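Undergrad: Sequence below, structure please.
(6 chains)
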Number of protein chains: 6
Amino acid sequence: MSNQEVWLPSLQTKTAQEGFELALKLSRMGVKSTQPDVEVLKRLRNDYAEDAMGLTAASQVVAINFQTVAAANDYWK
Amino acid sequence: MSNQEVWLPSLQTKTAQEGFELALKLSRMGVKSTQPDVEVLKRLRNDYAEDAMGLTAASQVVAINFQTVAAANDYWK
Amino acid sequence: MSNQEVWLPSLQTKTAQEGFELALKLSRMGVKSTQPDVEVLKRLRNDYAEDAMGLTAASQVVAINFQTVAAANDYWK
Amino acid sequence: MSNQEVWLPSLQTKTAQEGFELALKLSRMGVKSTQPDVEVLKRLRNDYAEDAMGLTAASQVVAINFQTVAAANDYWK
Amino acid sequence: MSNQEVWLPSLQTKTAQEGFELALKLSRMGVKSTQPDVEVLKRLRNDYAEDAMGLTAASQVVAINFQTVAAANDYWK
Amino acid sequence: MSNQEVWLPSLQTKTAQEGFELALKLSRMGVKSTQPDVEVLKRLRNDYAEDAMGLTAASQVVAINFQTVAAANDYWK
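TA: Residues are numbered from 1 along each chain as shown, chains lettered A, B, ... in the order given. Okay, the predicted model is just below:
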């Protein structure tokens, strides 16, 4: 997924909650970079969004990305 | 999940135990951001809350988020 | 699991081994916070304690929590 | 995969988005180093690119590598 | 596993290789703390030692513990 | 695997790519330390090298070890 669209201008966010949103975006872009076909992603949605392990695994990716964004923002101290 | 409700004002907590509570909240918000439908989440609860691997996986997400919150609070030294 | 019982007064421990014990406790509390029903946890014990992947997954959660506790104690240098 | 081709000259990137691209590359090289046979990798593509858990797992590897690249670039502050 | 036997006197090691050995020990103690019955552990050995995912998962726990031990020793610089 | 053969003299490498090679070695040694029998490892190779989840899981272990090696080398700045 290395087109010219700028979707990640910076890791800096004003608030922790915006940082969490950015972590969600990073997690989704990790999926989209691997599977760019939005139709496939829509078809697969229920496989994880209606599956306990799928949701926990998704939450884990967000947690790792949030750890990165939080460190990037000195934990919004 | 980018509505206006402020659920994460800060990563700072007074105590380590409150930090653990925040890690639990971050983990649950990671799930809710992926699956906002509370009815679906209720239906899926037993799939992980009555499953050894599901509980271990959930505990791992909490551990990663707790690592972030603990660093954010300089380990409450 | 946000009752008033103080189970995590601090991340500081005198020794690395006590730090490992605290990491075990954090890991178990991550499970208990998700599934507070001790009877369910007892019923599920063999599902992970007699399962290779279950034991490895549990050891991984301890490793992540130990990483946090070790950093919190400047590695007991 | 220890041939003379230089595919990783540096961890430094100009932008966060380029850093994310590098994290994708590191993740793919982790796979290619384990399975150099491109025909096998092509055959296996649908097994993860059309599977929710496969895509989430891939996104997690990217998240870990992005954490490394972001720290290497002082979060592009 | 909170008996009086001192198995983890320190995280400091003379060399990186000894640090790797310590990471192996921490990983095994994470399993033993969850399942102290050595007979059960022996019975389960083939379940992971003769299983590709089991071996990869075990290697991941070692990698996390090695990350902790390496930081504790300032990477033996 | 605590024989006298020195396979890990140091975490220092001249380049990021050599650091990635070292991360691959650490990951493989994590497996070999758990299952020293090379014949078993050969027999199991296709189970992960021809399996999408197996390859992703292997790439994740490399990512964690690379994170350690990169920090050990101050990201080769």
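
Undergrad: So residue A:33 is in contact with residue D:65, correct?
TA: No - with contact defined as C-beta atoms under 8 Å, residue A:33 does not count as touching residue D:65 (11.8 Å). Just so you know, the C-beta spots here come from the backbone N, C-alpha and C atoms, and that holds for glycine as well.

Undergrad: quick one, what contacts residue A:51?
TA: By C-beta atoms under 8 Å, 6 or more residues apart in numbering or on different chains, residue A:51 lies in contact with B:44, B:47, D:52.

Undergrad: again, 10 Å this time
TA: A:57-58, B:35, B:44, B:47-48, D:52-53 (C-beta atoms under 10 Å, 6 or more residues apart in numbering or on different chains).

Undergrad: Which single one of those is nearest to chain E?
TA: Proximity of those to chain E was ranked by C-beta to the nearest C-beta; the top entry is residue D:53 with 12.8 Å.

Undergrad: Quick check: which element contains that closest one?
TA: Here residue D:53 sits within helix D:52-72, counting by DSSP states H and E.

Undergrad: How about the helix or strand residue A:31 falls within and chain D, any contact?
TA: Residue A:31 is part of helix A:16-34, with elements assigned from DSSP H and E. Yes - contact of helix A:16-34 with chain D (C-beta under 10 Å from any C-beta of the partner chain) involves A:22-23, A:26-34.

Undergrad: Buried among the residues you listed? Need that as a selection in ChimeraX.
TA: Of the residues of helix A:16-34 next to chain D, the buried ones can be selected in ChimeraX as follows, counting by 16 or more other C-beta atoms under 10 Å in any protein chain shown:
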select /A:22,23,26,27,28,29,30,31,32,33,34
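
Undergrad: what does chain A put close to chain C?
TA: For chain A, the residues in contact with chain C (C-beta under 10 Å from any C-beta) are residue A:56.

Undergrad: The helix or strand bottoming out on mean pLDDT in chain A - contacts with which helices or strands?
TA: In chain A, no helix or strand scores lower on mean pLDDT, DSSP states H and E than helix A:38-49, which sits at a mean of 92. Other helices and strands packing on helix A:38-49, by 3 or more C-beta pairs under 10 Å, 6 or more residues apart in numbering or on different chains; DSSP states H and E, are helix A:16-34, helix A:52-72, helix B:16-34, helix B:38-49, helix D:38-49, helix D:52-72.

Undergrad: Let me have those helices in CSV, extended by distance to residue F:6.
TA: Conversion of those to CSV gives the following (distance: least, C-beta to C-beta, whole Å):
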stretch, distance to residue F:6
helix A:16-34, 38
helix A:52-72, 33
helix B:16-34, 40
helix B:38-49, 45
helix D:38-49, 34
helix D:52-72, 27
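
Undergrad: Out of these, which gets nearest to residue F:40?
TA: Among the helices and strands packed on helix A:38-49, the nearest to residue F:40 by C-beta to C-beta is helix D:38-49 (21.4 Å).
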